[in-house]
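Participant: The following block contains a protein sequence and its predicted model.
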Amino acid sequence: QVRLVEAGGGLVQPGGSLRLSCAASGFTISNYFMSWFRQAPGKERDLVATISGGGGSISYADSVKGRFTISRDNARDTVSLQMNSLKPEDTAVYYCYADGGPHYTYWGQGTQVTVSS
């Protein structure tokens with residue numbers, strides 16, 4: 001059974017840090033582009049960061065550049081998102097996404113990140 005399971009969300013004060021992780025099972029992530037998306041209440045789901053299968057290509061949304069870092073460990077089938085200097089506007093449900101081409105895309109269930117004092 002294919003699954004993506006996120007962990008690491010929670011409540012943090014502005015300026016703080018969190019590290020999200022995404023563990024894949026039922027498939028090997030090495031041939032997949034892996035991404036993090038987020039969705040705030042009443043808003044669309046937006047792309048936050050993407051990393052290629054080998055990790056050589058990485059991109060970020062402008063809103064998180066310089067603050068967030070995506071990484072992957074293909075040997076452990078995990079992807080992480082290090083989030084620093086968090087702002088209240090980063091509050092959202094964060095989703096892990098795997099893209100291996102048509103018919104090979106998967107979503108995690110999401111993890112809540114709340115940035116508030």
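Facilitator: Done, it's in.
Participant: do you know how far the residue lying closest to Ser117 once chain neighbours are set aside is from Asp90?
Facilitator: Nearest in space to Ser117, with sequence neighbours left out and distances taken as Cβ to Cβ, 6 or more residues apart in numbering, is Gln13 at 5.3 Å. C-beta: built from backbone N, CA, C; applies to glycine. From Gln13 over to Asp90 the distance is 12 Å, taken as Cβ to Cβ, to the nearest Å.
Participant: Just want to know which of those two has more residues nearby.
Facilitator: Comparing Gln13 with Asp90 by other Cβ atoms under 10 Å, the one with more neighbours is Asp90, at 22 against 10.
Participant: For that one, give me its contacts.
Facilitator: Arg38, Val64, Met83, Val113, Val115 (Cβ atoms under 8 Å, 6 or more residues apart in numbering).
Participant: ok, so of those, who is nearest Arg45?
Facilitator: For the contacts of Asp90, the residue nearest Arg45 by Cβ to Cβ is Arg38; the value is 7.1 Å.
Participant: Pretty sure that closest one sits in a strand.
Facilitator: Yes - judged by DSSP: H, G, I helix; E, B strand; the rest coil, Arg38 forms part of a strand.
Participant: What count of nearby residues applies to Tyr60?
Facilitator: Tyr60: 18 neighbours (other Cβ under 10 Å).
Participant: Tell me, what's the model's pLDDT at the closest residue to it other than its chain neighbours?
Facilitator: Nearest non-adjacent residue to Tyr60, counting by Cβ to Cβ, 6+ apart: Ala49, 4.9 Å away. We have a pLDDT of 98 for Ala49.
Participant: Just put the contacts of Asp90 in a markdown table and tack on neighbour count and pLDDT.
Facilitator: Listed next are the contacts of Asp90 as a markdown table, based on neighbours: other Cβ atoms under 10 Å; pLDDT from 0 to 100:
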| residue | neighbour count | pLDDT |
| --- | --- | --- |
| Arg38 | 24 | 98 |
| Val64 | 21 | 98 |
| Met83 | 27 | 98 |
| Val113 | 22 | 98 |
| Val115 | 19 | 98 |
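Participant: In a markdown table: the residues you listed, plus secondary structure.
Facilitator: Shown next, in a markdown table, are the contacts of Asp90 (three-state DSSP):
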| residue | secondary structure |
| --- | --- |
| Arg38 | strand |
| Val64 | coil |
| Met83 | strand |
| Val113 | strand |
| Val115 | strand |
